[in-house]
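Trainee: Need a 3D model of the sequence below.
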Amino acid sequence: MSPAGPLALVWRDRVRSAVSQLAAAGAVVVLFGYLSFASGAFLSTSNLLNIGVQSAVVAIIAIGMTMVIITAGIDLSVGSVAGLSGVLGALMVVDYGIPVPLAIAGGVVIGAIAGVVNGVLVTQAGMAPFIATLGMLSVARGLAYIVTDSVAVSGAPEDFKLLGQGRLGSLPIPILALAIVALAGHFILTRTRLGRYSYAMGSNVEAARLSGIPVKRYLTIVYIISGALAGFGGMIAASRVDSGQPNFGIGLELDVIAAAVIGGASLFGGEGKMVGTLLGALLIALIRNGSVLLDINTFYQQVIIGVIIWIAVFWDRYRRRRAAAG
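Mentor: Predicted structure coming up:
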C-alpha cells in the first residue's frame, strides 16, 4: 500500500461518518422550512424556545445513550430511570425537606446507581445489554409506582421549578444545561481515555481487551454516565411540571435511541458523535412540535419516528457493507 493509503482510509471513514450527520442536518433544515410556511405560530420566539426546552430532556439523556451505543451496547431503562429519579427527587423535597439543589443531585445519584446495576449485570453477570437494561426498565418503573402509590408527587416549593422553568437572562435553563452536558460529552469522546476506549470497545471488544483495555471497568462507567444523565433528565422534567410523575418516561427510550441513531450512532458500535445526537433530538422535537401545530394525531408521531429509525439503521448497514467491500 502506498504511503497515502492509510491516510486515505482515515479520510474515507471520516467522510462516511459525516454523511449521517449531514443527512440529519438536512432533514432538520427541510422540516424547519416547511413548518415555517405551514404554521404561522412556528417562528414565534416562544415556540422556538419551547422546542429547545422540549428537546433538552431527550438530548441530555441521548448523550448518555450515544456513549452506550458507541460501545455496541444499548440502555432500554433510561425512560423508567428518569421517571424514578424524578419522583424520588420530588419526594426528597416535599416529604423530607431536603434543599432543592441536593434533591437534584440525589436524583442524578439515583440514576447513576441504576447505571451501576446495569453495568455490573453486563460486565460481571455476562448479561446482554438488551436483557440487563430491559430488566432495569421494569424494576425502575415498578419502584416509581410503589414509592408514590401511583400518585404524582406535588407540593414542592417555588424554587423546585427553577431547573425546568427558570431562565438565565432570556435563555431557558434546560437549554443551558443541555449545552453544558453536550460540551462535556464531546470533550469526553474526543479528549479522554474513556472516549478512546469506548470507540475501541465498540469496534472490537475482544481486540480492545487483548490490547490491555480494562473493558469491564470502562463499560460500567459508560452505563453509570447513561444512568446519571437519565436521572438528570428526569429531574428537569419533574421541575418543568412542578411534580414527580411516576408515569413519566414511558416510551422515552424510543425517542432517545432515535436521536442517537438518526445522528449517526451505529447500533453495531464504534461510531457516534455528540453533534449528530443533538441534531437527532432536534429533529424529533420538530416532528412533535409540528404535529401539534398542524393538528396531526399524536399517534402518527410514533409511526414517523419508527420509520426514521428504520431508514437510519438501513443506511448504517448499507454504509458498513460498502466499507467492507471497499
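Trainee: Give me the neighbour count for residue 32.
Mentor: 17 (other Cβ atoms under 10 Å). For the C-beta atoms, the positions are set from N, CA and C on the backbone; glycine is no exception.
Trainee: Do a quick rundown of the helices in the chain.
Mentor: 4-38, 45-70, 78-94, 100-123, 129-148, 162-165, 173-191, 193-203, 205-210, 215-241, 252-262, 274-293, 299-325 (DSSP state H).
Trainee: what's near enough to touch the closest residue to residue 54 other than its chain neighbours?
Mentor: Using Cβ to Cβ, 6 or more residues apart in numbering and skipping the chain neighbours, the partner closest in space to residue 54 is residue 285 (4.9 Å). Residues counted as contacts of residue 285 (Cβ atoms under 8 Å, 6 or more residues apart in numbering) are 51, 52, 54, 55, 58.
Trainee: quick one on the thing from earlier: and of the helices of the chain, who's closest to residue 154?
Mentor: For residue 154, the closest of the helices of the chain is helix 78-94, at 7.3 Å, according to Cβ to Cβ.
Trainee: CA atoms only for the closest one - export them in PDB, please.
Mentor: Written as PDB, here are the backbone C-alpha positions of helix 78-94 (Å, rounded to 0.1, in the frame of the first residue of the first chain):
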ATOM      1  CA  VAL A  78     -33.500   5.400  30.600                       C
ATOM      2  CA  GLY A  79     -37.100   6.300  30.500                       C
ATOM      3  CA  SER A  80     -38.000   4.400  33.600                       C
ATOM      4  CA  VAL A  81     -34.900   5.500  35.400                       C
ATOM      5  CA  ALA A  82     -35.800   9.100  34.500                       C
ATOM      6  CA  GLY A  83     -39.200   8.600  35.900                       C
ATOM      7  CA  LEU A  84     -37.900   7.000  39.100                       C
ATOM      8  CA  SER A  85     -35.300   9.700  39.700                       C
ATOM      9  CA  GLY A  86     -37.900  12.500  39.100                       C
ATOM     10  CA  VAL A  87     -40.400  11.100  41.700                       C
ATOM     11  CA  LEU A  88     -37.700  10.300  44.300                       C
ATOM     12  CA  GLY A  89     -36.100  13.800  43.800                       C
ATOM     13  CA  ALA A  90     -39.500  15.400  44.300                       C
ATOM     14  CA  LEU A  91     -40.200  13.200  47.400                       C
ATOM     15  CA  MET A  92     -36.900  14.400  48.900                       C
ATOM     16  CA  VAL A  93     -38.100  18.000  48.700                       C
ATOM     17  CA  VAL A  94     -41.700  17.500  49.600                       C
END
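Trainee: If you count neighbours, what's buried in it?
Mentor: By 16 or more other Cβ atoms under 10 Å, the buried positions in helix 78-94 come out as 78-94.
Trainee: Which one of the contacts of residue 285 is nearest to residue 194?
Mentor: Nearest to residue 194, judged by Cβ to Cβ, of those is residue 58 at 23.0 Å.
Trainee: how many other residues sit next to the closest one?
Mentor: When counting by other Cβ under 10 Å, one arrives at 26 neighbours for residue 58.
Trainee: Against residue 29, how distant is residue 172?
Mentor: Relative to residue 29, residue 172 is positioned 23 Å away (Cβ to Cβ, to the nearest Å).
Trainee: Looking at these two, which is more packed in?
Mentor: The neighbour comparison of residue 172 against residue 29 (other Cβ under 10 Å) goes to residue 172, with 20 against 10.
Trainee: Let me see the contact set for the more buried one.
Mentor: 49, 52, 53, 56, 165, 166.
Trainee: again, but for residue 208
Mentor: Neighbouring residues of residue 208 by Cβ under 8 Å, 6+ apart: 197, 200, 201, 215.
Trainee: How many neighbouring residues does the last one have?
Mentor: In terms of burial, residue 215 registers 19 neighbours under the definition other Cβ under 10 Å.
Trainee: Then the second one?
Mentor: Applying other Cβ under 10 Å, we find 21 residues neighbouring residue 200.
Trainee: What of the one 5 residues further on?
Mentor: Residue 205 is surrounded by 17 other residues when neighbours are defined as other Cβ under 10 Å.
Trainee: Repeat that for residue 297.
Mentor: Per other Cβ under 10 Å, the neighbour tally for residue 297 reads 8.
Trainee: What separation do you get for it and residue 258?
Mentor: Distance from residue 297 to residue 258, by Cβ to Cβ: 19 Å.
Trainee: now swap in residue 134 and tell me
Mentor: 18 Å.
Trainee: right, and residue 108 touches residue 231 too?
Mentor: Yes - if you go by Cβ atoms under 8 Å, residue 108 and residue 231 touch, sitting 4.5 Å apart.
Trainee: Now do the shared contacts for the two.
Mentor: Shared contacts of residue 108 and residue 231, defined by Cβ under 8 Å, 6+ apart, are found at residue 85.
Trainee: So which of these two has more stuff around it?
Mentor: Per other Cβ under 10 Å, whichever of residue 108 and residue 231 has more neighbours is residue 231, with 31 against 21.
Trainee: With adjacent residues omitted, what lies nearest to that one?
Mentor: Per Cβ to Cβ, 6+ apart, closest to residue 231 is residue 111, 2.2 Å.
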